[in-house]
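*Asks:* fold the following.
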Amino acid sequence: MNRQEKFGGTGAVRAGQEFDASVLEEWMRSHVEDFAGPVTVEQFKGGQSNPTYKLVTPRRSYVLRRKPPGKLLPGAHAVEREYRVLSALGKAGFPVAPVHGLCEDAAVIGTPFYMMDMVEGRIFWDSTLPDLSAAERPRYFDAMNEAIAGLHRLDYQAIGLGDYGKPGNYFGRQISRWSRQYREDMEAGRLDDMDWLADWLEQHIPEGDETSIVHGDFRADNMIWHPSEPRILAVLDWELSTLGHPLADFTYHLMMYHLPPHIIGGFKGVDLAALAIPPQDDYVAAYCERTGRSGIDNLPFYLAFNMFRFAAILHGIKGRMARGTAASPEAQSLVDTLPELAAIGRRTAQQG
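*Replies:* Numbers count the residues shown, from 1 in each chain. Coordinates of the predicted model:
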């Protein structure tokens, strides 16, 4: 089963994640302009953290993102933050789905949620973009490069996100946060490579600091594309967004060059030239030109940091599985990659 089959499309609402659609309709009548029911509720197959639903009405479709039910770690599943950043970015002209409202009253459907438009277009679940021709593919990669560079160039103060995170010491704070969450989630167990990475990263943070809005999970399958053009209509899944170091965000995106295809859409080992996928050096150079950089030093650190961070997220999914609150039936396939990802992260760090 490929990633499209695993994570694409919708199905019936999963057991334990149902809610009363009639109560939701009452909320929508008060908060969604031009709403007209009835609502039919489906659930997206993807969405490992926050359950995500398609709401079909006679006129149009919407998307609802909610906190999962059950016991949650402090600060996790912050749909309120997702709503805030989507609202600010939409007003700034960055490609995101238009939002309709945030509901923090758990009495409506059981947990807080927000609602946005259902943006119709293409999602590429395979990061090599196999549905495109070799002639088309470079323009799509360039569009991703342009989008993440554009995000990092935004004046976060000017668009009302000056307090969306803590400027400065991003790597120190992130390494501390993910190390703590990894170590505190006793139900998910331990890995020697994760322990090693947590210690190594803390001791090798590069000098210098910058701050921008960072997405936190910028990759091809978190974008909705125009049906026939190399144009991003909406960047999705802002749960991990904050104010942070732009190079952390860009090098997370760059992991696609370093991970195998079965780990978050990597394409290490494929023939890039045959597919007309730009080489990493060219992709980095395009980002640097767009953001006014001369290059990226300490690349192994940035990549190892992101591998550790994503491994810590998978570790958290493993813990939620143990507690019965994982949001997707495909969570196990992600968790199975955790040891391999941690090992790749350690080897990458040792190249620095």
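*Asks:* next one: phi and psi at the most centrally placed residue in the chain?
*Replies:* The centre of the chain sits closest to Asp217, judged by CA atoms, centre = their mean, with a distance of 3.1 Å. Phi and psi for Asp217, reported as degrees, to the nearest 10, are phi -150, psi 50.
*Asks:* all strands of the stretch 151-300 of the chain, in order?
*Replies:* For the stretch 151-300 of the chain, the strands defined by DSSP state E, counting those that start in this stretch occupy 212-214, 223-225, 232-235, 242-244.
*Asks:* quick one: closest of those strands to Ala286.
*Replies:* In terms of CB to CB, the element of the strands of the stretch 151-300 of the chain nearest to Ala286 is strand 232-235, at 15.6 Å. All C-beta atoms are positioned from the backbone trio N, CA, C, and that covers glycine.
*Asks:* and the closest one, C-alpha only, in PDB?
*Replies:* The C-alpha coordinates for strand 232-235 follow below in PDB (Å, rounded to 0.1, in the frame of the first residue of the first chain):
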ATOM      1  CA  ILE A 232       0.600  25.900  -4.100                       C
ATOM      2  CA  LEU A 233      -2.900  26.800  -3.100                       C
ATOM      3  CA  ALA A 234      -2.600  26.000   0.600                       C
ATOM      4  CA  VAL A 235       0.100  24.800   3.000                       C
END
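*Asks:* quick one: mean pLDDT for that strand?
*Replies:* For strand 232-235, mean pLDDT is 98.
*Asks:* same for it, what does it pack against?
*Replies:* If you count contacts as 3 or more CB pairs under 8 Å, 6 or more residues apart in numbering; DSSP states H and E, strand 232-235 packs onto helix 137-153, strand 223-225.
*Asks:* how about 10 Å then?
*Replies:* For strand 232-235, the elements it packs on are helix 79-92, helix 137-153, strand 223-225, judged by 3 or more CB pairs under 10 Å, 6 or more residues apart in numbering; DSSP states H and E.
*Asks:* contact partners of it?
*Replies:* With CB atoms under 10 Å, 6 or more residues apart in numbering as the test, strand 232-235 has contacts from 86, 89-90, 94-98, 116-122, 140, 143-144, 146-148, 150-151, 215, 217-218, 220, 222-227, 241.
*Asks:* distance from the helix or strand harbouring Phe310 to the middle of the chain?
*Replies:* Assigned by DSSP states H and E, Phe310 falls within helix 299-323. Centroid displacement of helix 299-323 relative to its chain, using CA atoms, centre = their mean, to the nearest Å, is 13 Å.
*Asks:* show me which positions of that helix end up buried.
*Replies:* Burial within helix 299-323, assessed by neighbour count using 16 or more other CB atoms under 10 Å, is assigned to 299-321.
*Asks:* what does stretch 145-164 give?
*Replies:* Asn145, Ala147, Ile148, Ala149, Gly150, Leu151, His152, Leu154, Tyr156, Ile159, Leu161, Tyr164.
*Asks:* and the end-to-end length of it?
*Replies:* End-to-end distance of stretch 145-164: 24 Å, with CA to CA, to the nearest Å as the criterion.
*Asks:* swap in stretch 161-174?
*Replies:* End-to-end span of stretch 161-174 (CA to CA): 19 Å.
*Asks:* list the contacts of that stretch.
*Replies:* With contact meaning CB under 10 Å, 6+ apart, stretch 161-174 is reached by 81, 84-85, 87-89, 92, 154-157, 176, 201-202, 204-206, 209-214, 216, 241-249, 301-302, 305-306, 308-309, 312.
*Asks:* of those, buried ones?
*Replies:* Burial by neighbour count, judged by 16+ other CB under 10 Å, picks out 81, 84-85, 87-89, 92, 154, 156, 201, 204-205, 211-214, 216, 241-249, 301-302, 305-306, 308-309, 312 from those.
*Asks:* where in this protein is pLDDT low?
*Replies:* Across the chain, the ranges flagged by pLDDT under 70 are 1-8, 46-48, 70-77, 326-329, 352.
*Asks:* tell me the domain boundaries of it?
*Replies:* 3-117, 137-349 (automatic domain parsing).
*Asks:* mind checking how far the shortest one is from the chain centre?
*Replies:* Centroid separation for domain 3-117 versus its chain: 16 Å, with CA atoms, centre = their mean.
*Asks:* repeat that for the last one.
*Replies:* Average the C-alpha atoms of domain 137-349, do the same for its chain, and the two points are 8 Å apart (CA atoms, centre = their mean).
*Asks:* how long is that domain end to end?
*Replies:* Domain 137-349 has its terminal residues 31 Å apart, counting by CA to CA.
*Asks:* also stretch 157-173?
*Replies:* 21 Å.
*Asks:* start at 72, not 1
*Replies:* Right, with 72 as the first residue, what we last looked at is stretch 228-244.
*Asks:* want to throw the domains of the chain into CSV with distance to Leu200?
*Replies:* Below are the domains of the chain laid out as CSV (distance: least, CB to CB, whole Å):
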stretch, distance to Leu200
domain 74-188, 12
domain 208-420, 5
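*Asks:* winner for burial among the ones you listed?
*Replies:* Across the domains of the chain, averaging neighbours per residue (mean count of other CB atoms under 10 Å) puts domain 208-420 on top, at a mean of 18.
*Asks:* Pro331 and Gln403, how far apart?
*Replies:* 18 Å (CB to CB, to the nearest Å).
*Asks:* my guess is Asp188 contacts Thr128, does it?
*Replies:* No. Under the criterion of CB atoms under 10 Å, Asp188 is not in contact with Thr128, lying 11.9 Å apart.
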